[in-house]
Every structure is written in structure tokens, then in C-alpha cells.
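**Q** I need the structure of the sequence given here:
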Amino acid sequence: MLRQLYQLKQAAGIAIQVQADGTPVVNACLLDLKHQQLAIEKKLPDVKSLEQLPANLSTKALIALNLSGKGVLTKQLAGTETITAANFNAVLPNGNIGDFYVQQVVSGASSFVAIIRKTEADQWFERFIALGYQPVHLSLGPFPLLPLVPELNFYGETILFDSHEITRSPAGEWSNYTYNPMARASGKIKLQTEVIAENLLLPYAAAFQLILQDKVAPVLAQAAPYHDLLTKKLEAQKFRANASIILIVFFLMLLANFMIFSWLNSSNNELNNKLNQTLQSSNELKVNREHIKENEALLQELGWDNNRNKAGLVDQIAGLLPAEVILTDININPPNAAASQQAKSLVFTNHMIKITGQSEKLLPVNEWIARIKTKSWVKGAALENYNFNNELNTGVFALTVSY
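**A** As a prediction, this is how the structure comes out:
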């Protein structure tokens, strides 16, 4: 449930293939994620100019940019050693790795390294930003397609599409890649059951790995300045989702508190009315007094024996909540199972607040407990339990606060 709140719902993939004469060929598509189903919302093949994009593609969509053709150098290397400044000469002799965005993909025993000068890639990013878009991913060449190949109807050892020629081993590993402007698919390309144009494969693959970035390992160039924008975007989305959940929980608690108070107040008024009507009868007066005593005892058991604002206490506790912790339940004066069993009636634990929630790590929970203990009205706060829930894929905990 929470993962769905954090997940991106829409992403656009834009592939720019720069021809030998410097002419860019632009193709784009927009993906939507609805009810955990991924669908192509818009197909924009052969866009005449970037300036036309905002008229057909909302600037609210995050952009995954793919560059290929002129300016993108691809080299196949034996082995899977990570490319660093120390071994960058194997890719580009006498080159400075700091001048390039580097993308490395491992397939089998080989590495495919694609590079582009930062100045060239930044020019494209700046043009998109000037149009109002937020580019957050950069990939190079056909390599974002690698995890999608099993979903496509490519059956032979050679894959041809939109100027890209890929050779595969019998095991399905990529053994060679060539940028070939004459390469075209021999027939219709199907993505599972949907026919997709060959010039939309890379836009789809780029958008696919952006919108599902929490489920698949994206193939990306190391363009940290732009990828950091995605991290900030996701963090802001998580914050808004968590804030909404907390507000809903507080609203429900306040609503329940108001309803209980109204019910008790109504009951008390009803008893007072009955008492006023039966003042002339001592027997009826005695009966009403007994009713009042019973209700007063009930009020005491329910923790309404003083004027302490329990919603205010909960508000103070929640105000100390770390961002990594998610509340799932707050119980004021919870039932005492052992005492209830012994008394054979419902007995509550007065002056106690029991809290349950979720946190991937125990440290934020302990930090929260330490913060709670700083409140002057808190007599004690302790963690009852913390366990990792495989179904939720996170830790669940319970703690108590006495006041």
C-alpha cells in the first residue's frame, strides 16, 4: 500500500538519435502506471522539433533521456571490471573520465561501455529544462533495452531495429553491438501482445526503467547532477504521502475522541435529567445515584477521570516522529488482558498510550523513544517488540508510553 503511494505514476521516455550530419531524430512516448498496470499513454514518433513537445507532452512528466548516434562512443571490453579514472584509457586513450558521462553494462563475460561528452549531453538537458521539463535519467545507446528483450519477439541471434544491430550468443547474452544507420527490423515488433514501432523501443525502455526504478536495475550513464533530481523528487513524494497518512490518522483519532466524548456527555446529561425528574422520590433518587456512580466508575476505567487532554498528548508524541517511522495505530488506555481475565470484565490500563507502527530500521524507533522521554509529563517510554515483517517488507514495532 505505502509502496504504491511512493511509486511514480507517469514517466516520459525521449530518444534522440543524432545523425552523421548532426540532425537529431526525436521519438518519444508517455507511460502511465494505473492499478499496477503499465500502459503507453502517448506515442510521439518522429517529433519535428523539441519546441513542439510541450504541445503534445505534459511538462509535468519526468523525463528519461536516451542519446545515441553521433557523439556517443560505444566500446566492448572483455571482463566486467568497473570503469574508473585508472582504466579509462581502455575506453578512450588519453581521455579524461571527468569530461564524460559514462555508462557501463555487463552481459555475460563482456562489458559494453558507452560515453558522451558532458558538454554535449548537458546541451540537451538544458534545452529540455528551458521547455519546462524535468530530465532525471540519462541512458546511452540501445542498452536500456537489455532487460526488455525477453518481452519482445526477437528470436534469432541478431537484433535489428532503428539503426541498432545487436548480436546475441545462444544463451541470450549480448556479444556484439554496432551502430548501423541502415539497420531496420525485418517485421513487426511486439512487446508481449502489443505491436510497437521500432523507433519507439528506446523511448519505451527509457521510460520503463524510470517509472519502475524501484523494481528494476536501470541502465544509466553516471550523470549525478540530473539523477539527484529524481532522488529529491521521490523524497518529496514520500514526505507528502507520509504527511497525508499522519493527518488522516490524527483526524480519525480526533473524530473518535469527539464521538466518545459526545456520547459520554450525552449519557451524563440524560442521567441528570432523570435525576431532576425524580427528586421527589427517594427510592428513585437512590436508583439514579447508583446509576451515576456506575457511570462515574466507567469513566474512571476508561481514563476519563481527569481533565488531561489526551489528544494533545498524542499530538506532542507525533510531533517528535522521525521521518523514517510510520504510525499504524495509537491506543489510549488499552485493555489489560491479564486484569480483565482475572476480574472477568473489561479492565483498562490507565495513564498509558500504546503505539504500533512500521520502520525499516530499529534506530529511528529508539530515537523516537528518546525524544518522547524528554517530555515532562512522560513517566516512562519503552519498546515492547520489534520484528521484521516479510509480507510488508519492513519492520513492525510496538511501544508504550506511561504518563
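
**Q** would you confirm that Asn89 belongs to a helix?
**A** Yes: using DSSP: H, G, I helix; E, B strand; the rest coil, the secondary structure at Asn89 is a helix.

**Q** which non-adjacent residue is nearest it?
**A** Gly95 (7.0 Å; C-beta to C-beta, 6 or more residues apart in numbering). In short, each C-beta sits where N, CA and C put it, glycine included.

**Q** all strands of the stretch 51-200 of the chain, in order?
**A** Applying DSSP state E, counting those that start in this stretch to the stretch 51-200 of the chain gives strands spanning 62-69, 72-78, 100-107, 110-117, 134-140, 158-161, 164-168, 174-179, 189-191, 194-196.

**Q** mean neighbour count for these - can I get that in a markdown table?
**A** Putting the strands of the stretch 51-200 of the chain into a markdown table (neighbours: other C-beta atoms under 10 Å) gives the following:
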| stretch | mean neighbour count |
| --- | --- |
| strand 62-69 | 25 |
| strand 72-78 | 16 |
| strand 100-107 | 21 |
| strand 110-117 | 22 |
| strand 134-140 | 24 |
| strand 158-161 | 18 |
| strand 164-168 | 20 |
| strand 174-179 | 17 |
| strand 189-191 | 16 |
| strand 194-196 | 12 |
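
**Q** for His291, find the nearest of the ones you listed.
**A** Taking C-beta to C-beta, strand 62-69 is the member of the strands of the stretch 51-200 of the chain nearest to His291, at 64.2 Å.

**Q** just the CA trace of the closest one, in CSV.
**A** Only the C-alpha atoms of strand 62-69 are listed here, as CSV (Å, rounded to 0.1, in the frame of the first residue of the first chain):
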residue,chain,number,x,y,z
LEU,A,62,9.5,13.3,-15.5
ILE,A,63,11.9,12.7,-18.5
ALA,A,64,14.1,9.8,-19.2
LEU,A,65,16.5,10.8,-21.9
ASN,A,66,18.3,8.4,-24.3
LEU,A,67,21.0,9.5,-26.6
SER,A,68,22.6,7.6,-29.5
GLY,A,69,24.3,8.1,-32.8
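
**Q** name every strand pairing with that strand and say which way it goes.
**A** strand 10-18 (parallel), strand 134-140 (parallel) (DSSP bridges).

**Q** closest to Gln341 out of those?
**A** strand 10-18 (53.9 Å).

**Q** hmm, who's touching the following helix or strand past that closest one?
**A** Downstream of strand 10-18, the first helix or strand assigned by DSSP states H and E is strand 24-34. With C-beta atoms under 8 Å, 6 or more residues apart in numbering as the test, strand 24-34 has contacts from 7-19, 38-50, 53, 57-58, 61, 69, 199-200, 202-204, 207-208, 211-212.

**Q** mind checking the pLDDT average for strand 24-34?
**A** Mean pLDDT, strand 24-34: 93.

**Q** what separates Asn333 from Phe397, distance-wise?
**A** 20 Å (C-beta to C-beta, to the nearest Å).

**Q** ok, Leu275 - how many residues close by?
**A** Leu275 has 16 neighbours, counted by other C-beta atoms under 10 Å.

**Q** that one belongs to a helix?
**A** Yes: under three-state DSSP, Leu275 falls within a helix.

**Q** so it makes contact with Asn295?
**A** No: contact between Leu275 and Asn295 fails when scored by C-beta atoms under 8 Å: they sit 11.7 Å apart.

**Q** isn't Val18 right up against Leu67?
**A** Yes: using C-beta under 8 Å, Val18 is in contact with Leu67, at 7.3 Å.

**Q** next, format the strands of the stretch 51-200 of the chain as JSON lines and append mean pLDDT and distance to Thr84.
**A** Shown next, in JSON lines, are these (pLDDT from 0 to 100; distance: least, C-beta to C-beta, whole Å):
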{"stretch": "strand 62-69", "mean pLDDT": "94", "distance to Thr84": "22"}
{"stretch": "strand 72-78", "mean pLDDT": "94", "distance to Thr84": "13"}
{"stretch": "strand 100-107", "mean pLDDT": "94", "distance to Thr84": "9"}
{"stretch": "strand 110-117", "mean pLDDT": "94", "distance to Thr84": "11"}
{"stretch": "strand 134-140", "mean pLDDT": "93", "distance to Thr84": "18"}
{"stretch": "strand 158-161", "mean pLDDT": "94", "distance to Thr84": "30"}
{"stretch": "strand 164-168", "mean pLDDT": "94", "distance to Thr84": "26"}
{"stretch": "strand 174-179", "mean pLDDT": "93", "distance to Thr84": "22"}
{"stretch": "strand 189-191", "mean pLDDT": "91", "distance to Thr84": "36"}
{"stretch": "strand 194-196", "mean pLDDT": "91", "distance to Thr84": "37"}
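
**Q** can I get those in CSV including distance to Trp124?
**A** What follows is the strands of the stretch 51-200 of the chain, written out as CSV (distance: least, C-beta to C-beta, whole Å):
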stretch, distance to Trp124
strand 62-69, 6
strand 72-78, 12
strand 100-107, 11
strand 110-117, 9
strand 134-140, 8
strand 158-161, 22
strand 164-168, 19
strand 174-179, 18
strand 189-191, 26
strand 194-196, 24
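
**Q** nearest to Arg289, out of these?
**A** Using C-beta to C-beta, the strands of the stretch 51-200 of the chain put strand 62-69 closest to Arg289, at 69.2 Å.

**Q** now the angle from the closest one to strand 72-78?
**A** 80 degrees (axes from the mean of the first three to the mean of the last three C-alpha atoms, to 10 degrees).
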